[in-house]
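[1] starting from these lines, generate the structure:
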Amino acid sequence: MTVKDIFDLRKQGKIEEAYEAIRARYATYRGKYTTLCMFWTARDIFNLRIQQGRTEEAAKIYKALQRVLPNINDSNGRAKAFMDYAHRRLSSPASAGSPSSFGSLHFSGEYPPAPTGFPGVPASTGSPGSVPAGSPSVPASTGSPSVPAALSVLSDSVAEK
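    Modelled structure (predicted):
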């Protein structure tokens with residue numbers, strides 16, 4: 001299935017099917033358009049999981065989206081704007097829906113560390129993606145990610161199956 005076919009599935013509202021198709025393609029090829037399609041399809045799945053109250057899965061997808069974001073062209077800022085929105089959804093139970101559906105998920109104002117890949121997709125064998133210095137998760141002075149202690153609870157609660 002081509003990336004165009006997968007984008008067409010998204011337009012038709014077949015989000016789950018599109019996500020499964022792009023995961024299979026992304027596992028073997030990570031070109032420019034495949035990566036872009038992975039980001040936007042995963043965004044759709046993130047929104048769907050939030051609507052379904054499947055917050056732990058949404059948090060895993062969010063972490064994977066962080067890893068992909070630096071590898072896509074986001075000249076219009078829409079992808080970054082979505083990541084800011086997603087961060088707020090996961091970090092603020094009161095503004096994101098039922099507080100009980102979020103359990104212990106709470107971020108401390110920084111993005112969580114980048115994951116090794118999308119759930120169900122093998123990690124890249126090449127060099128890992130990098131986050132530009134000065135982004136919210138990377139202090140501009142050091143260029144290395146910081147992991148607040150509060151996120152250790154999150155990493156335990158969303159560990160890969």
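[2] pretty sure Ile15 is touching Asp44, no?
    Yes - between Ile15 and Asp44 there is a contact under C-beta atoms under 8 Å: 4.6 Å. Quick note: C-beta positions are derived from backbone N, CA and C, even for glycine.
[3] check Phe102 and give its pLDDT.
    Note on Phe102: pLDDT of 36.
[4] hmm, I was thinking of Ile72
    pLDDT, Ile72: 95.
[5] OK, contacts around it?
    Each residue near Ile72 by C-beta atoms under 8 Å, 6 or more residues apart in numbering is listed here: 35-36, 39, 79.
[6] let's see if you can find the most crowded of those residues.
    Phe39 (22 neighbours; other C-beta atoms under 10 Å).
[7] surely that one is in contact with Pro70?
    No - look at Phe39 against Pro70 with C-beta under 8 Å: they stay out of range, at 10.6 Å.
[8] any idea of the mean pLDDT in whichever helix or strand Glu20 is part of?
    Glu20 is part of helix 15-28 when elements are defined by DSSP states H and E. Helix 15-28 shows a mean pLDDT of 96.
[9] ok, how many other residues are close to Ala58?
    Neighbours of Ala58 (other C-beta under 10 Å): 25.
[10] may I see the buried residues of the lengthiest helix in the chain?
    Secondary structure of the chain read by DSSP state H shows that its longest helix is helix 32-51. Within helix 32-51, the residues that count as buried by 16 or more other C-beta atoms under 10 Å are 34-50.
[11] any idea of the angle it forms with helix 15-28?
    Inter-element angle recorded for helix 32-51 and helix 15-28: 140 degrees (by axes from the mean of the first three to the mean of the last three C-alpha atoms, to 10 degrees).
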